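Participant: Next comes the sequence, and after it the predicted model I'd like to discuss.
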Amino acid sequence: MARKDYPFDASGNYVTAWASEGESAASNDDVARWQASHGGSVSRRQPSPVTKVSSKKSSSGRTSSYTIKSGDTLGGIARKHSTTVAKIKAANGLKSDMIRAGKTLKIPR
């Protein structure tokens, strides 16, 4: 990019006119190169809204319980039971990785 193409003047001040050029600054060659490199055309459509999908709990209810021992970690417990830390935290409503000896955890499969 040539110096004249940057959004700052020689003193380092932001040039607002540079930003306001918007799409008019792009030449047909620029658009064609972009289309070729991205395998498509430019779309002016607005993106479709994101739909929130509720997570389903396993209906099979395949859980077991585990009583935490001193020195246990969620990672170690997850490895022993072939599951993940995230699944254990979700099944038990945990927001952090802190666990205490003597408490019982539900262990999802």
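Facilitator: Looks like it came in fine. Residues are numbered from 1 along each chain as shown.

Participant: How about the contacts made by residue 107?
Facilitator: Residue 107 is in contact with 63, 64, 65, 66, 77, 81, 83, 88, 91, counting by C-beta atoms under 8 Å, 6 or more residues apart in numbering. (C-beta placed from N, C-alpha, C; glycine too.)

Participant: with these in mind, which one is nearest to residue 32?
Facilitator: Of all the contacts of residue 107, the one with the least separation from residue 32 (C-beta to C-beta) is residue 83, at 50.9 Å.

Participant: is it true that that closest one touches residue 105?
Facilitator: No: with contacts counted by C-beta atoms under 8 Å, residue 83 stays clear of residue 105, the gap being 10.6 Å.

Participant: out of the two, which sits in the more crowded spot?
Facilitator: Neighbours were tallied for residue 83 and for residue 105 using other C-beta atoms under 10 Å; the higher tally belongs to residue 105 (21 against 17).

Participant: Contact partners for the more buried one?
Facilitator: 65, 66, 67, 68, 77, 88, 91, 92, 99.

Participant: Repeat the analysis, applying 6 Å as the threshold.
Facilitator: When contacts are counted by C-beta atoms under 6 Å, 6 or more residues apart in numbering, residue 105 is found next to 66, 92.

Participant: now residue 74
Facilitator: 85, 88, 97.

Participant: Would you mind measuring from the second one to residue 98?
Facilitator: When you say that, I think you mean residue 88. From residue 88 over to residue 98 the distance is 13 Å, taken as C-beta to C-beta, to the nearest Å.

Participant: if you count what's nearby, which of these two comes out ahead?
Facilitator: A count of neighbours by other C-beta under 10 Å puts residue 88 above the other of residue 88 and residue 98, at 23 against 7.

Participant: Backbone torsions only: list them for the more buried one.
Facilitator: With angles defined as degrees, to the nearest 10, residue 88 sits at phi -60, psi -50.

Participant: Could you do the one 3 residues further on as well?
Facilitator: The phi and psi values for residue 91, taken as degrees, to the nearest 10, are phi -70, psi -30.
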